[in-house]
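J.: quick one, structure for this:
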Amino acid sequence: MEGKRDSWGNNFGFLMAAIGSAVGLGNIWGFPYKMGANGGFAFLIVYLALAVLIGFTVMLGELTIGRKSGKGAVGAYVALSKHFKWVGWLGALSAFLIMSFYSVLGGYCLKYMVLNFGDLINASFGSAGQNGGDIFGALLTNQAESIMYTLFFMIISCAIVMGGIAGGIEKFSKFAMPALFVLLVIVIVRSVTLDGAMDGLAFMFKPNIEPLKKDFLGVLSSASGQMFFSLSLGMAIMITYGSYLPKKENLERNSFIIIFSDTFIAILAGLAVIPAAFALGGEGAALAGPKLLYITLQNVFAAMGSIGPLIGVLFYLLVAIAAITSAISLIETTVTFFMDSAESKGGSGNRKVIAFIVSLIIMAEATLVAADGLGSNGLWVPFQKSFGVHGWNDCWLDFMDVMSEGIMMPLGALLMCLFIGYEYGIKKFGEEITIAGFPFRSEAFFSLCCRYIAPIGLAFVLWGQLKNFGIV
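T.: Here you go, the predicted structure:
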């Protein structure tokens, strides 16, 4: 079985894929708007604390569980645990549900890239002078167009996953991540040089803890949800990617690099978005919430004059690349489950066939989300009137988000910490980390976080998520 399993070509390729998974819409879209909605600096401080105390712990835990078992999330817990065998399903189902709306949002990015390119060459498929709100509203209510762009996004993502770990995911990520960084720097340079951009920088980095005094639990909930989504934690991805890692790689160092890189790029995304929003729309634009990416920024590009469409094309290309690097990891978690199942029965799964079928099923659920148009088209949504109004906006995207980010991801991470800390054991866990002679430098810190800090913190996070979504 060991010989049949695919693996990363080298550690750089793994890091680019893992960072690519972490760097997605959660960074380019989620981080700036959630930072804007939660007081800027106050949100940043809470996010950084969570990344250090919980993010690193969960990241190292998931990578180690994956490599130790040599299986995806479901198979890993079945192989290693007596009492937590079912926990892997939380991550696997989270990834599946997330793809239902992630692919739709990725499709929107492709649409906006095409639209800005149309403006650049004065083509009929450009914006035709419409403002961002009218453009986005028309897209949401045009079900056929939304589904078409979602399909394009899924075809690209499926094709990459079909290529395998080294030949598909790693190969694409080695190109995509450096390209993403270059595009991000270009957009940042233009953003911070706009008149009024300094107000946005002050909003991000000037010390201000007033939002924490007003609604600490709300900021904690938003920052934690962002951390899980951004770092690809609690959704089976890092267990899956870890399962393809050879024993010679340093798991502790790789975990730190992924956490640092993702956080760094999230802050860069904030620099690309928030100063521009402040410069051309004031603080109200930066607080626009989820609309920031598709309405506010489109208006920002339109206000830049002749260079606006070019910056718009580059920006939405950047977001599309970030979305694809994450989407392929989400698809891979389900593909790996079926590959592992085939191997456990003595066979070898056909990756291309499995990837195609998985993508087809994801496209079916994504079609529902796309047709719903963020609630614009009146589709029925489960539990629509059962919960409160905090973040539950009566649309399929929110329903999928509540089930995955709101419940399954923090619950899965909490149970993983309990599994490692109290059933599997820190010492036994450390043996996998030190197997190639690497020291477990953070063992005392990891043990403290895994056994005490992370479980308590994650319990608060889970409560905050349930409260934020109006479930409790």
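J.: mind listing what the residue nearest to P207 when sequence neighbours are not counted touches?
T.: In space, and not counting its chain neighbours, P207 is closest to F41: 5.8 Å by Cβ to Cβ, 6 or more residues apart in numbering. In this view, the C-beta of every residue, glycine as well, is placed from N, C-alpha and C. Contact analysis of F41 by Cβ atoms under 8 Å, 6 or more residues apart in numbering lists 203-209.
J.: out of the residues you listed, which end up buried?
T.: Buried residues within these, defined by neighbour count using 16 or more other Cβ atoms under 10 Å: 203-204, 208.
J.: stretch 179-196: how far from the chain's middle?
T.: 21 Å (Cα atoms, centre = their mean, to the nearest Å).
J.: ok, now stretch 43-58?
T.: Centroid displacement of stretch 43-58 relative to its chain, using Cα atoms, centre = their mean, is 15 Å.
J.: so for it, mean pLDDT?
T.: Taken as a whole, stretch 43-58 has a mean pLDDT of 91.
J.: next, I435: secondary structure please.
T.: With DSSP: H, G, I helix; E, B strand; the rest coil as the basis, I435 sits in coil.
J.: not counting its neighbours along the chain, what's nearest it?
T.: Excluding its sequence neighbours, the residue lying closest to I435 (Cβ to Cβ, 6+ apart) is K247, at 5.4 Å.
J.: now stretch 95-105: mean pLDDT?
T.: Stretch 95-105 comes out at a mean pLDDT of 93.
J.: next SSE downstream of the least confident helix or strand in the chain by mean pLDDT?
T.: Here the helix or strand of the chain ranked lowest by mean pLDDT, DSSP states H and E is helix 291, holding a mean of 66. The C-terminal neighbour of helix 291 among helices and strands, as given by DSSP states H and E, is helix 297-302.
J.: and that following helix, what does it pack onto?
T.: If contacts are counted by 3 or more Cβ pairs under 8 Å, 6 or more residues apart in numbering; DSSP states H and E, helix 297-302 sits against helix 132-141, helix 251-286, helix 308-344.
J.: closest to L360 out of those?
T.: Across the helices and strands packed on helix 297-302, L360 has its closest neighbour in helix 308-344 (11.2 Å, Cβ to Cβ).
J.: got the angle between the closest one and helix 251-286?
T.: 140 degrees (axes from the mean of the first three to the mean of the last three Cα atoms, to 10 degrees).
J.: inside helices: which ones of the buried ones among the contacts of F41?
T.: Filtering the buried ones among the contacts of F41 for membership in helices, criterion DSSP state H, returns 203-204.
J.: out of the buried ones among the contacts of F41, which is nearest to A364?
T.: The closest of the buried ones among the contacts of F41, once distances to A364 are taken by Cβ to Cβ, is M204, at 40.0 Å.
J.: so what's the closest one up against?
T.: Residues in contact with M204 (Cβ under 8 Å, 6+ apart) are 35, 40-41, 44, 270-271, 274-275.
J.: skipping adjacent residues, who's closest to it in space?
T.: Spatially, and ignoring its direct neighbours in sequence, M204 is nearest to G40 (5.2 Å; Cβ to Cβ, 6+ apart).
J.: do the same with G30
T.: Q226 (5.5 Å).
J.: so where does the one you found fall, helix or strand?
T.: Here Q226, judged by DSSP H and E, is contained in helix 210-231.
J.: one step back: how many neighbours does the residue nearest to I435 have?
T.: 10 (other Cβ atoms under 10 Å).
J.: and if you look at A454?
T.: Using other Cβ under 10 Å, A454 has 28 neighbouring residues.
J.: is it in contact with L418, as I believe?
T.: No: with contact defined as Cβ atoms under 8 Å, A454 does not reach L418; the gap is 9.4 Å.
J.: where does this protein dip in pLDDT?
T.: Scanning the chain for pLDDT under 70 picks out 1-5, 281-292, 383-393, 468-470, 472.
J.: how does it look with 50?
T.: 1-3, 388-392 (pLDDT under 50).
J.: please name the residues that touch the closest residue to L180 other than its chain neighbours.
T.: The spatial neighbour of L180 that comes closest, neighbours along the chain excluded (Cβ to Cβ, 6+ apart), is I321 at 5.0 Å. Neighbour list for I321: 176, 179-180, 183 [criterion: Cβ under 8 Å, 6+ apart].
J.: secondary structure, neighbour count and distance to P439 added to those, as TSV?
T.: Listed next are the contacts of I321 as TSV, based on DSSP: H, G, I helix; E, B strand; the rest coil; neighbours: other Cβ atoms under 10 Å; distance: Cβ to Cβ, whole Å:
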residue	secondary structure	neighbour count	distance to P439
A176	helix	21	33
A179	helix	13	35
L180	helix	26	33
L183	helix	20	38
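J.: from these, which is closest to I121?
T.: L183 (19.4 Å).
J.: hang on, L330 packs against L93?
T.: No: shown here, L330 and L93 do not form a contact pair, counting by Cβ under 8 Å, at 11.6 Å.
J.: who has more neighbours out of the two?
T.: Neighbour count, other Cβ under 10 Å: between L330 and L93, L330 has more, with 26 against 20.
J.: list the residues that contact that one.
T.: So L330 contacts 21, 95-96, 98-99, 102, 235, 237 (Cβ under 8 Å, 6+ apart).
J.: M154 too?
T.: By Cβ under 8 Å, 6+ apart, M154 lies in contact with 103, 359, 362-363, 366.
J.: and F337, by the same measure?
T.: F337 makes contact with 72-75, 92, according to Cβ under 8 Å, 6+ apart.
J.: which one (most neighbours) among those residues?
T.: Most crowded among the contacts of F337, counting by other Cβ under 10 Å, is A73 at 35 neighbours.
J.: what does the helix holding Q226 contact?
T.: 22-24, 26-27, 30-31, 34, 37-39, 42-43, 46-47, 50-51, 54-55, 58-59, 233-235, 258-259, 262, 266, 405-406, 409-410, 413, 460-461, 463-465, 467-468.
J.: hmm, 7 Å instead?
T.: For helix 210-231, contacts defined as Cβ atoms under 7 Å, 6 or more residues apart in numbering pick out 22, 26-27, 30-31, 34, 38-39, 42-43, 46-47, 50-51, 55, 59, 234, 259, 262, 266, 405, 409-410, 460-461, 464-465, 467-468.
J.: and the helix or strand just after it, how far out from the chain middle?
T.: Using DSSP H and E, the next helix or strand after helix 210-231 towards the C-terminus is helix 237-243. Computed by Cα atoms, centre = their mean, the chain-centroid distance of helix 237-243 equals 15 Å.
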